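Engineer: after the sequence you'll find the predicted model.
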Amino acid sequence: MNSVFLKISRVGSLTGGTKWYLSNDCLLAAKRMMYAVEYRRFYLHDLESIVIWPSRVWRWRVTIPALLLVMLGASLWRWVNSTSGAIFCGMGLAWVLLELALGPTAASCIRTTGASVNLPLVRRTRRAQKVLARIDAAVRATRGVIEPVNVPANVPQSPEPAVQPSSEVATATITETTQTNGS
């Protein structure tokens, strides 16, 4: 079996980082810590969910460095000269604008059949949709799921009764949930 791994994401850190690779049957995480590399393999047929959400520490990434730079700039403005103070105040403002333009940092959780792992899949939430779409396409190809066909809005549909018996409602909900979780 000859698998080709395509790099789909990279989340760096000061001591290493994690690179994510996608194959036709698995998702591979190569986590580097200094001089050691730890590999985690997630088989696509075992994936239950991948959840990405904005990290709460993102606000601190914006405010703390910006406040420190502005306070340093204000003190330099007062005691040294206005040029150096303006430079550091400008750096604080540039830091805030850059962080706001890049968007919130992301945290993620990958759930498989037997485990739940918190590894960063993407650095920022704005990139999450693109990476998740590639993983979703690979999972659908592995499981052989055919994309649902969208019905045009102008097709007349048969009228349904306004109130359904409770057993039919529960059955419809369970089958819809099973179809979405299975894909």
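Structural biologist: Looks like it came in fine. Numbering: from 1, shown residues only.

Engineer: so how far is the helix or strand Gly17 falls within off the chain centroid?
Structural biologist: According to DSSP states H and E, Gly17 maps onto strand 16-22. Centroid separation for strand 16-22 versus its chain: 13 Å, with CA atoms, centre = their mean, to the nearest Å.

Engineer: one more: stretch 90-109?
Structural biologist: With CA atoms, centre = their mean, you get 16 Å for stretch 90-109.

Engineer: now what about it, what contacts it?
Structural biologist: 49-55, 57-58, 61-62, 65-70, 73, 116-128 (CB atoms under 8 Å, 6 or more residues apart in numbering). C-betas here are computed from N, CA, C, even on glycine.

Engineer: cutoff 6 Å now
Structural biologist: By CB atoms under 6 Å, 6 or more residues apart in numbering, the surrounding residues in contact with stretch 90-109 are 51-55, 58, 62, 65-66, 69-70, 118, 120-122, 124-126, 128.

Engineer: list the pairing partners of the strand holding Gly17 within its sheet, with orientation.
Structural biologist: Take DSSP bridges as the rule and strand 16-22 pairs in its sheet with strand 6-13 (antiparallel), strand 26-33 (antiparallel).

Engineer: mind putting these in TSV, distance to Tyr43, mean pLDDT and mean neighbour count included?
Structural biologist: Shown next, in TSV, are the strands paired with strand 16-22 (distance: least, CB to CB, whole Å; pLDDT from 0 to 100; neighbours: other CB atoms under 10 Å):
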stretch	distance to Tyr43	mean pLDDT	mean neighbour count
strand 6-13	16	87	15
strand 26-33	5	90	18
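
Engineer: all good on my end, thank you.
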